[in-house]
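Q: Let me see the structure of the following:
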Amino acid sequence: MRALLQRVSEASVDVDGERVGRIERGWLILLGVGRDDVESTAQRLADKIVELRAFEDAAGKTNLAAADVGAQMLVVSQFTLFADTSRGRRPSFIQAARPDQARALCDAFVVRLRVRGFEVATGVFGARMQVRLVNDGPFTLWLDEA
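A: Residues are numbered from 1 along each chain as shown. This next block holds a predicted model:
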């Protein structure tokens, strides 16, 4: 699995002109699922994100985890994180999971975040979405979990 994390002061996702998810301070998580990913991969990645000390303390140092600041999470599935652009001009997505596998693992990832006590909003799997965000920092991280 791959996650592109953006620390945000706010973020939202719309589908067909309707707001389907919105958060305030926290993580916007663009989530990609690979062909070889399994449920334990989703759980490990969720736990890693929860435990990252990437929010600022009173001294401005990134010492605080999401729970320390009451962070919210917005998870948006994005198979394009598995694009292979090494050959030609058109991305290949053969390393991305099939939709049924990806949907199940995205759901498992969201469940794990909620079990850990977080308010989680989501996009709509497979839909064309418009994502809006205010990146706080900017602060963006790329995580791979195998």
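Q: Other residues contacting stretch 34-46?
A: Stretch 34-46 has contacts (Cβ atoms under 8 Å, 6 or more residues apart in numbering) with 1-3, 33, 82, 94-98, 101, 104-106, 108-109, 112-113, 116, 143, 145-146. Bear in mind the C-beta positions are built from the backbone N, C-alpha and C, glycine included.
Q: Okay, and which of the residues you listed map to helices?
A: Cross-referencing those against helices under DSSP state H gives 101, 104-106, 108-109, 112-113.
Q: in the chain, which spans are strands?
A: Remark: strands assigned in the chain by DSSP state E are 2-15, 18-23, 26-32, 55-56, 62-64, 72-77, 120-122, 129-144.
Q: need those strands in JSON lines with distance to Ser40 and mean neighbour count, can you?
A: Shown next, in JSON lines, are these (distance: least, Cβ to Cβ, whole Å; neighbours: other Cβ atoms under 10 Å):
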{"stretch": "strand 2-15", "distance to Ser40": "16", "mean neighbour count": "20"}
{"stretch": "strand 18-23", "distance to Ser40": "26", "mean neighbour count": "16"}
{"stretch": "strand 26-32", "distance to Ser40": "16", "mean neighbour count": "25"}
{"stretch": "strand 55-56", "distance to Ser40": "26", "mean neighbour count": "19"}
{"stretch": "strand 62-64", "distance to Ser40": "27", "mean neighbour count": "14"}
{"stretch": "strand 72-77", "distance to Ser40": "18", "mean neighbour count": "25"}
{"stretch": "strand 120-122", "distance to Ser40": "19", "mean neighbour count": "20"}
{"stretch": "strand 129-144", "distance to Ser40": "15", "mean neighbour count": "14"}
